[in-house]
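A.B. asks: What follows is a protein structure lacking sequence information:
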């Protein structure tokens, strides 16, 4: 739990390199990798969730959490422009959550039918109460309440995951309780027997074999695997190095950073204490990872809650900040290439923020949308390209598309090789689902379909043929076009279609 809410040592100094008569500042580097999105129209941009139609839902908050920001219950949506750019897109306000529900640090997911679910919250309406409230956002743009699982007194900052069969699984923040959602009837059933420690502060990572990995926060260096077939947990081995940290307060449940599956099948499990570990999902073994480079003026870096995102080139972008003490600025950004953490330029507000202020979500463009509780929403533009074998492939599709009609498309790797982005425990923003976009040959206009009815929500499905339904809206340009399937910013080869 994020028990500390203060800011100290706000240093705004920007390092510059002076060589001969040349002055090159970090601000120039920012312009090379970070580009501002349109200014957020609300008070501040919080958790962001990619929808299946290519738009991004963003929760409104009153400011960064480290500076006392709280949610308002309002949500906005970022819509890419007619050429697919989010950097020059536009904002629209959505309907607010049901009255009395405005959560901070909560479970969230996109369901296979395209709806978005939000559950629990460590804080609600600015009060720490580990709320059991929840809501689901329909494809028609309305919120409706979801009752908590029977017998649950707290949901709070809960871990959650969508299992390969499309079932939403959630854990109570502060107990061993876990449940599966029947999304049609919005009813719950218990699962998760055999868990060795409570769910508090833990995150869940979906693996290629369909199981779910978690790192125990209250059980030394142990890890566990959830098997959806049996509904049980089993030991997944010792991490070799401790990565959880109570931030010097034995009354705190130890924190942890996000754990992200990479294309090679390894999981980067980031630590709150500066250490990191690597899980090989093919061999089921752990190894010690590199430590975070220290902050030049504040010492050791860690991720006592914070975001990470898999880049199209297979690297992992992470946001870290000082851990002595925890929850303090400035933050640093690193790219993990499988062996090392390399420093990358930070967005403009990094000097004033701790890692837990940040949120990341992967865009269909291959860029990363970053929010931090302010009106300044930034887009990270990574370098490098994905391997061709990582891309989705289209096997079957309609050659002629009538707008507003529903079609089925099939192929391989529609769900990508990873869930994509992650956070320490809550604030899930997985995007392991197919996004369908069409580009008109004459106008160059790009339109995203609404996808649904995914045959699987598993990752790294290889040569298995999977499918999804899609529908383009009436405003889509007609005529000769090309169509692609995109997952986590990696696009398939395009196919020719005609839109009527």
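C.D. replies: Great, that's in hand. Remember, it's a predicted structure, so these values are computed and weren't measured experimentally. Residues are numbered from 1 along each chain as shown.
A.B. asks: mind listing the strands for the stretch 401-500 of the chain?
C.D. replies: 406-412, 421-422, 435-440, 446-448, 450-452, 465-471, 479-487, 490-491, 495-499 (DSSP state E, counting those that start in this stretch).
A.B. asks: Make a markdown table from those strands and add distance to residue 393 and mean pLDDT to it.
C.D. replies: Heads up, the C-betas are built off the backbone N, CA and C, glycines and all. Formatted as a markdown table, the strands of the stretch 401-500 of the chain follow (distance: least, CB to CB, whole Å; pLDDT from 0 to 100):
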| stretch | distance to residue 393 | mean pLDDT |
| --- | --- | --- |
| strand 406-412 | 5 | 98 |
| strand 421-422 | 23 | 98 |
| strand 435-440 | 14 | 98 |
| strand 446-448 | 19 | 98 |
| strand 450-452 | 16 | 98 |
| strand 465-471 | 9 | 98 |
| strand 479-487 | 8 | 98 |
| strand 490-491 | 11 | 98 |
| strand 495-499 | 10 | 98 |
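A.B. asks: Out of those, which is the most enclosed?
C.D. replies: Compared across the strands of the stretch 401-500 of the chain, strand 421-422 shows the largest average neighbour count, a mean of 29 (mean count of other CB atoms under 10 Å).
A.B. asks: Okay, domains of this structure per the record?
C.D. replies: Per automatic domain parsing, the structural domains of the chain span 16-380, 388-499.
A.B. asks: which of these has the lowest average pLDDT?
C.D. replies: Across the domains of the chain, domain 16-380 has the smallest mean pLDDT, namely a mean of 94.
A.B. asks: Contacts only, for the closest residue to residue 69 other than its chain neighbours.
C.D. replies: In space, and not counting its chain neighbours, residue 69 is closest to residue 63: 3.3 Å by CB to CB, 6 or more residues apart in numbering. Residues near residue 63 by CB atoms under 8 Å, 6 or more residues apart in numbering: 43-44, 69, 373-374.
A.B. asks: Tell me how far residue 63 lies from residue 40.
C.D. replies: 12 Å (CB to CB, to the nearest Å).
A.B. asks: Need the residues touching each of those two.
C.D. replies: residue 374.
A.B. asks: on that earlier part again, redo the contacts of residue 63 as JSON lines? Include distance to residue 436.
C.D. replies: Formatted as JSON lines, those follow (distance: CB to CB, whole Å):
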{"residue": "43", "distance to residue 436": "34"}
{"residue": "44", "distance to residue 436": "32"}
{"residue": "69", "distance to residue 436": "35"}
{"residue": "373", "distance to residue 436": "32"}
{"residue": "374", "distance to residue 436": "32"}
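A.B. asks: Out of these, which comes closest to residue 251?
C.D. replies: Nearest to residue 251, judged by CB to CB, of the contacts of residue 63 is residue 69 at 24.3 Å.
A.B. asks: most neighbours, which of the contacts of residue 63?
C.D. replies: Highest neighbour count within the contacts of residue 63, by other CB atoms under 10 Å: residue 373, with 30 neighbours.
A.B. asks: Could you report the neighbour count for the residue nearest to that residue when sequence neighbours are not counted?
C.D. replies: Distance criterion CB to CB, 6+ apart; nearest residue to residue 373, sequence neighbours excluded, is residue 64 at 3.5 Å. Residues lying near residue 64 (other CB under 10 Å) number 23.
A.B. asks: Return the residues in contact with residue 64.
C.D. replies: Contact analysis of residue 64 by CB under 8 Å, 6+ apart lists 44, 349, 352-353, 357, 372-374.
A.B. asks: hmm, 7 Å instead?
C.D. replies: Applying CB atoms under 7 Å, 6 or more residues apart in numbering, one finds that residue 64 lies in contact with 353, 357, 372-374.
A.B. asks: and the closest residue to residue 207 other than its chain neighbours, how many neighbours?
C.D. replies: Leaving out its chain neighbours, the residue that sits closest to residue 207 by CB to CB, 6+ apart is residue 281, at 4.8 Å. Number of residues near residue 281 (other CB under 10 Å) recorded here: 21.
A.B. asks: How about residue 347, nearest residue that isn't a chain neighbour?
C.D. replies: Nearest non-adjacent residue to residue 347, counting by CB to CB, 6+ apart: residue 378, 4.3 Å away.
A.B. asks: Ok, residue 116 next?
C.D. replies: residue 137 (4.2 Å).
A.B. asks: give me the beta-bridge partners of that neighbour?
C.D. replies: Beta-bridge partners for residue 137, by DSSP bridges, are residue 116, residue 143.
A.B. asks: Can you tell me how far it is from residue 348?
C.D. replies: From residue 137 to residue 348 the distance is 30 Å (CB to CB).
A.B. asks: How about the contacts made by the spatially closest residue to residue 227 that is not a sequence neighbour?
C.D. replies: Spatial nearest neighbour of residue 227, excluding adjacent residues (CB to CB, 6+ apart): residue 211 at 5.6 Å. Residue 211 makes contact with 225-227 under the criterion CB under 7 Å, 6+ apart.
A.B. asks: Many thanks, I have nothing further to ask.
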